[in-house]
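Visitor: Mind looking at a prediction? Sequence and model below.
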Amino acid sequence: MSTNTEAVAVTETRLIHAFHRRATTLLSEAALRPSVPLAALAELREFLVKNLRHHHETEDRQLWPMIAAVAPEAAAQFAVLSEEHDELDAALDILEAAPSGEDGDRPGLQRAAEAVRTLVHRHLEHEEPLLFPALREHVSPDEWTAFSRAVVAGSPTEAAHLIVGFLDQVGTPEEVALVLSGLPEPAQQFVPVMRDQAHAALAVLSGGTEG
């Protein structure tokens, strides 16, 4: 496997994980920030719930079996990671059902968001030391391309612009361009608009302005 192709799989995965860390942290922090509109919190919550579920479901159903097929010794470790996905699913259910804040219970939303943040950060600490070497050693360029395209094709559409904004926060311009190059050609033309929308939304969530 070439160094360039190897870097694609690891770079894409590292950036996606980094944006999951950043997004879960932001929701936890923004939930108690009075200046953040409830609609902005609701949008970020829905985005997070749907994207985290999509991410770990594609791992459980596609990526783990792909790797285990050529590295059976990794199957047991991936099974443990899938159990953590189940734990995360339960926390996402609670976050999805948490008070919206309209009744003044922003602390309730924050507690649910913090639980998800803690689980995601801990899970990624467990996953990355296993997954990154496996991507280098056991996933071919064609397999990664097919997997990545399938993930993109099935990605949730709700608040999809936020992906661009979070990627901009956690990656270099070159890394972000690499990840976004996997978007279908018709979607490429909308990236600048999505970027503007995302930066404005994230400024509000971070307590800044839309400027």
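Guide: Noted; the coordinates are in hand.
Visitor: Show me what the longest helix along the chain is packed against.
Guide: Counting residues, the longest helix found in the chain (DSSP state H) is helix 106-138. On a contact count with 3 or more Cβ pairs under 8 Å, 6 or more residues apart in numbering; DSSP states H and E, helix 106-138 meets helix 3-30, helix 38-58, helix 64-70, helix 75-97. Every C-beta, even on glycine, is put in place using the N, C-alpha and C of the backbone.
Visitor: Just the CA trace of the helix or strand just after it, in PDB.
Guide: Downstream of helix 106-138, the first helix or strand assigned by DSSP states H and E is helix 141-153. This file holds the C-alpha atoms of helix 141-153, laid out as PDB (Å, rounded to 0.1, in the frame of the first residue of the first chain):
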ATOM      1  CA  PRO A 141      -6.900   1.500  -1.500                       C
ATOM      2  CA  ASP A 142      -9.900   0.200  -3.400                       C
ATOM      3  CA  GLU A 143     -11.600  -1.100  -0.200                       C
ATOM      4  CA  TRP A 144     -11.100   2.300   1.500                       C
ATOM      5  CA  THR A 145     -12.500   4.200  -1.500                       C
ATOM      6  CA  ALA A 146     -15.500   2.000  -1.700                       C
ATOM      7  CA  PHE A 147     -16.100   2.200   2.100                       C
ATOM      8  CA  SER A 148     -15.700   6.000   2.100                       C
ATOM      9  CA  ARG A 149     -18.100   6.500  -0.800                       C
ATOM     10  CA  ALA A 150     -20.700   4.300   0.900                       C
ATOM     11  CA  VAL A 151     -20.400   6.300   4.100                       C
ATOM     12  CA  VAL A 152     -20.800   9.600   2.300                       C
ATOM     13  CA  ALA A 153     -23.700   8.300   0.300                       C
END
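Visitor: Tell me which residues are up against the next helix or strand after helix 141-153.
Guide: With elements assigned by DSSP H and E, the helix or strand that comes after helix 141-153 is helix 161-170. Residues from elsewhere that reach helix 161-170 (Cβ atoms under 8 Å, 6 or more residues apart in numbering): 15, 18-19, 21-23, 43-44, 47, 51, 175-176, 179-180, 191, 193-195, 197-199, 201-202.
Visitor: pull the helix or strand with minimum mean pLDDT from this protein.
Guide: Across the helices and strands of the chain, mean pLDDT, DSSP states H and E gives its lowest value to helix 185-188, namely a mean of 85.
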